[in-house]
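Chemist: sequence? don't have it. structure:
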């Protein structure tokens, strides 16, 4: 650990990121440009989230890192070890014990508290990017609060599929002003964006930071006659029997066999430790 | 080494702790946080000194207003941060008491495409208490209270959202924040 500055980044870089975080908190959902650094991992592996985490950590923190809800995947394990090494912080897999949680594409099932900070890894921070490729234009659309194009996209979904077909990275409006990309979390997680925790979003390749202060009103875009529906697979978890958690579909053989299990591994393990059993749980 | 005393003894760790206090304050308008670890020259408060050392450097033009613009303060800030001292219109941060910082229109308010290009004001106050003006908005569950120097000016500042200024209020070793997103009721 002594070979690195605390939390890897140099102090001017951390100050630059911290200033961006403060402006992000002051303008909820607005994407603050920042001078993203090269990190010792490829773009797409969470370099934005890692930089935000590095600028946020103190030695007293307990860090949890999840990838699609799991603590034990390559991305989560390598980021957790990275901060163990360069910041010397304690780490945990339990949501309730963590003070800072870096996440790729999920919000933990266990409700967060006001003492926690959730850091999202974001690939494409601009919710309008797939509709309008020009950054100059999307900046202007945000400035003019012109989100008609997004509503047209959602309407075309309804016209073509009978329902809004966007199931992840579902656009949401922060504090009644900026439409933001909540990162590719399933739309099931969108209601959890209204949280007592501080939520920070870091996009390394795209060089943007944005934020949601606690209790910020966050509305998922919808229509009066097609209200937002945070749907999930209609099954209980095969391991812990949970009916309220977001599920992954897992293929278990070559004959079309499959089962649904909690995407949040800590939540599932916690339920099993408490004696809950699903249909496929080992006796 | 420390030719000008009063900076952080262990900058990476103490600045991280100070930032967490500043972030917690900015994320929860009206909430009062305690900070420490620096000893700036008078008339700067500990909290104002902590904010300057945590957030300012050669990339952030700083404006010193009124009594804060003293020889000792200039030397302390130059040594510990290297922040260029500028006129108010060019400042990313401005530091002083409320009367000296006015008028608010003289600071960068951001532009529609980049509302983040606006100044952050560090306002030294005589008292900082969770009473007085009622605050609402992002970061506040129901309602917060903070003793503000001029609620009407902060109401006007919120009226320009998403443009506008963000404020830290400092008193001794305590600080609180009121970002532009906060409605003063």
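Modeler: Noted; the coordinates are in hand. The structure presented is a predicted model; accordingly, all values stated were derived computationally and were not measured.
Chemist: Output the set of residues of chain B in proximity to chain A.
Modeler: Residues of chain B lying close to chain A by CB under 8 Å from any CB of the partner chain are B:11-13, B:15-17, B:19-20, B:22-24, B:26-28, B:54-60, B:92, B:112-116, B:118, B:120, B:137-141, B:161-162, B:166, B:179-181. Yep, even glycine has a C-beta here, placed from its N, CA and C like the rest.
Chemist: Which parts of the stretch 51-200 of chain A are strands?
Modeler: For the stretch 51-200 of chain A, the strands defined by DSSP state E, counting those that start in this stretch cover A:62-67, A:90-91, A:100-104, A:117-121, A:172-174, A:178-180, A:198-203.
Chemist: what's the closest of those strands to chain B?
Modeler: Of all those, it is strand A:198-203 that lies closest to chain B, at 4.8 Å by CB to the nearest CB.
Chemist: Who are the packing partners of the closest one?
Modeler: Counting contacts by 3 or more CB pairs under 8 Å, 6 or more residues apart in numbering or on different chains; DSSP states H and E, strand A:198-203 is packed against helix A:11-26, helix A:47-56, strand A:117-121, strand A:208-212, helix B:11-27.
Chemist: Give me the contacts around it.
Modeler: A:21, A:24-25, A:31, A:36, A:47-53, A:56, A:116-125, A:180, A:182-183, A:193, A:208-214, B:23-24, B:27 (CB atoms under 8 Å, 6 or more residues apart in numbering or on different chains).
Chemist: Tell me which of the strands of the stretch 51-200 of chain A sits most buried.
Modeler: Of all the strands of the stretch 51-200 of chain A, strand A:198-203 carries the top mean neighbour count, a mean of 29, counting by mean count of other CB atoms under 10 Å in any protein chain shown.
Chemist: Number of residues surrounding the nearest residue to residue A:39 once chain neighbours are set aside?
Modeler: Setting aside the residues directly before and after it, residue A:39 is nearest to residue A:47 in space (CB to CB, 6 or more residues apart in numbering or on different chains), at 4.3 Å. Look at residue A:47: counted by other CB atoms under 10 Å in any protein chain shown, it has 22 neighbours.
Chemist: For residue B:98, see how far away residue A:47 is.
Modeler: Using CB to CB, to the nearest Å, residue A:47 is found at 41 Å from residue B:98.
Chemist: ditto for residue B:4
Modeler: Residue B:4 is 28 Å from residue B:98, by CB to CB.
Chemist: now swap in residue B:34 and tell me
Modeler: Relative to residue B:98, and taking CB to CB, residue B:34 is found at 22 Å.
Chemist: Tell me which residues of stretch A:223-234 come out buried.
Modeler: Residues of stretch A:223-234 classed as buried by neighbour count (16 or more other CB atoms under 10 Å in any protein chain shown): A:228, A:232.
Chemist: Distance across that stretch, terminal residue to terminal residue?
Modeler: 24 Å (CA to CA, to the nearest Å).
Chemist: can you give me the helices for the chain?
Modeler: All of this is about chain A. A:11-26, A:47-56, A:74-87, A:135-143, A:148-161, A:265-273 (DSSP state H).
Chemist: um, chain B though
Modeler: Using DSSP H, helices in chain B cover B:11-27, B:46-55, B:71-80, B:98-101, B:151-159.
Chemist: Save the ones you listed as JSON lines, and put in mean neighbour count too.
Modeler: Listed next are the helices of chain B as JSON lines, based on neighbours: other CB atoms under 10 Å in any protein chain shown:
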{"stretch": "helix B:11-27", "mean neighbour count": "23"}
{"stretch": "helix B:46-55", "mean neighbour count": "27"}
{"stretch": "helix B:71-80", "mean neighbour count": "17"}
{"stretch": "helix B:98-101", "mean neighbour count": "18"}
{"stretch": "helix B:151-159", "mean neighbour count": "16"}
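Chemist: In CSV: the ones you listed, plus distance to residue A:5.
Modeler: CSV is the format used below for those (distance: least, CB to CB, whole Å):
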stretch, distance to residue A:5
helix B:11-27, 6
helix B:46-55, 15
helix B:71-80, 17
helix B:98-101, 34
helix B:151-159, 37
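Chemist: Any chance of those in CSV with mean pLDDT as columns?
Modeler: Formatted as CSV, the helices of chain B follow (pLDDT from 0 to 100):
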stretch, mean pLDDT
helix B:11-27, 98
helix B:46-55, 98
helix B:71-80, 97
helix B:98-101, 98
helix B:151-159, 97
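Chemist: Now for the residue nearest to the spatial centre of chain B: which residues touch it?
Modeler: Central residue of chain B (CA atoms, centre = their mean): residue B:122, 2.5 Å from the mean position. Going by CB under 8 Å, 6+ apart, residue B:122 touches B:48, B:51, B:52, B:93, B:94, B:95, B:96, B:167, B:168, B:170.
Chemist: end-to-end on stretch A:132-148?
Modeler: 12 Å.
Chemist: buried residues in that stretch?
Modeler: Neighbour-count burial for stretch A:132-148 flags A:138, A:139, A:141, A:142, A:147 (criterion: 16+ other CB under 10 Å).
Chemist: likewise stretch A:75-95?
Modeler: For stretch A:75-95, using 16+ other CB under 10 Å, the buried residues are A:75-76, A:79-80, A:82-83, A:86-87, A:89, A:91-93, A:95.
Chemist: and the stretch 51-200 of chain A, which residues reach chain B?
Modeler: So the stretch 51-200 of chain A meets chain B at A:55-60, A:139-140, A:142-144, A:174-175, A:177-178, A:196, A:198 (CB under 8 Å from any CB).
Chemist: wouldn't residue B:182 be in contact with residue B:134 here?
Modeler: No. Using CB atoms under 8 Å, residue B:182 is not in contact with residue B:134, being 10.4 Å away.
Chemist: Of those two, which one has the most company?
Modeler: The neighbour count for residue B:182 versus residue B:134, taken as other CB under 10 Å, is higher for residue B:182 (28 against 15).
Chemist: Could I get the pLDDT score of the more buried one?
Modeler: Per-residue pLDDT puts residue B:182 at 98.
Chemist: Please list all residues in contact with it.
Modeler: By CB under 8 Å, 6+ apart, the neighbours of residue B:182 are B:29, B:30, B:135, B:136, B:137, B:138, B:139, B:140, B:154, B:158.
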